[in-house]
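Trainee: any chance you can model this:
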Amino acid sequence: MKIGILLGSTREGRVSPQVGEYIKNIATKRDDATFEVVDIKDYKLPLLGESDVVEGITAWNEKLASLDGFIFITAEYNHSLSGSLKNALDLAREPWANKAAAIVSYGSTGGVRAAEHLRAVMGELQIADVRTNVAFNLFTDFENGTVFKPADFHVKSVESMLDQLVTWTKAMKSIR
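Mentor: Purely as a prediction, here's the structure:
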């Protein structure tokens, strides 16, 4: 099984790559799935309806189709997920369906409002989300808001999230 760790921010100075690598380092200790970081910034996706350039969209959909499950790394911007993540979600449809996902969020309140908004969008895309999600606080898990230094207790939450995600990913694979 292949699970993508999707970096949901494209902003300059973003910290999602640090968070994604942290999750990947814990995940790759497992032998029941493979994990890879997938950066939406690499696909240079146009805004929905703004361009008919399809190369990035095609590559994005092909990447998603090759994955069995997802871990969304999402920042909270203005009480919601980033525009770039919402756009990336909207530029695919079939590759999301009947797959499982987990959410790792970060922000001044742990990114929990972004996570809740993302859950609503995932439901419409037929993505089954696991219960356990991980939330990092900008004030306690980051130094100066830019250097990721998570508290040790997060490891157990990440492991629990991964346990659920792998179980659900296996189950969802059987219906695709």
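
Trainee: quick check, central residue of the chain?
Mentor: Phe72 (1.0 Å; CA atoms, centre = their mean).

Trainee: which residues does it form beta bridges with?
Mentor: Note on Phe72: beta-bridge partners by DSSP bridges are Leu6, Ile103.

Trainee: how close does it get to Met1?
Mentor: Remark: distance between Phe72 and Met1 (CB to CB, to the nearest Å) = 17 Å. (Each C-beta comes from the backbone N, C-alpha and C, glycine too.)

Trainee: same question for Val38.
Mentor: Val38 is 15 Å from Met1, by CB to CB.

Trainee: more neighbours: the two, which one.
Mentor: Each of Val38 and Met1 had its neighbours counted (other CB atoms under 10 Å), and the higher figure belongs to Val38 (21 against 14).

Trainee: what's the burial count for the closest residue to that one other than its chain neighbours?
Mentor: Distances taken as CB to CB, 6 or more residues apart in numbering place Gly4 nearest to Val38, at 4.3 Å, with adjacent residues excluded. Neighbours of Gly4 under the rule other CB under 10 Å: 21.

Trainee: give me the pLDDT for Gly4.
Mentor: Predicted confidence (pLDDT) for Gly4: 99.

Trainee: show me the shaky parts of the protein.
Mentor: Scanning the chain for pLDDT under 70 picks out the ranges 51-53.

Trainee: longest helix in it, please.
Mentor: Using DSSP state H to assign secondary structure, the helix with the most residues in the chain is helix 154-173.

Trainee: how far away from the center of its chain is that helix?
Mentor: Taking the mean of its C-alpha atoms, helix 154-173 sits 13 Å from the chain's own mean (CA atoms, centre = their mean, to the nearest Å).

Trainee: for it, C-alpha coordinates in CSV please.
Mentor: Extracted C-alpha coordinates of helix 154-173, given in CSV (Å, rounded to 0.1, in the frame of the first residue of the first chain):
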residue,chain,number,x,y,z
HIS,A,154,2.9,13.8,19.6
VAL,A,155,4.6,10.6,18.6
LYS,A,156,1.9,8.4,20.2
SER,A,157,-0.8,10.4,18.5
VAL,A,158,0.9,10.1,15.1
GLU,A,159,1.3,6.3,15.6
SER,A,160,-2.3,6.0,16.6
MET,A,161,-3.4,8.0,13.5
LEU,A,162,-1.2,5.8,11.3
ASP,A,163,-2.6,2.6,12.8
GLN,A,164,-6.1,3.8,11.9
LEU,A,165,-5.1,5.0,8.5
VAL,A,166,-3.4,1.8,7.5
THR,A,167,-6.4,-0.3,8.7
TRP,A,168,-8.9,1.9,6.8
THR,A,169,-6.7,2.1,3.7
LYS,A,170,-6.6,-1.7,3.5
ALA,A,171,-10.4,-1.9,4.0
MET,A,172,-11.1,0.8,1.4
LYS,A,173,-8.8,-0.8,-1.1
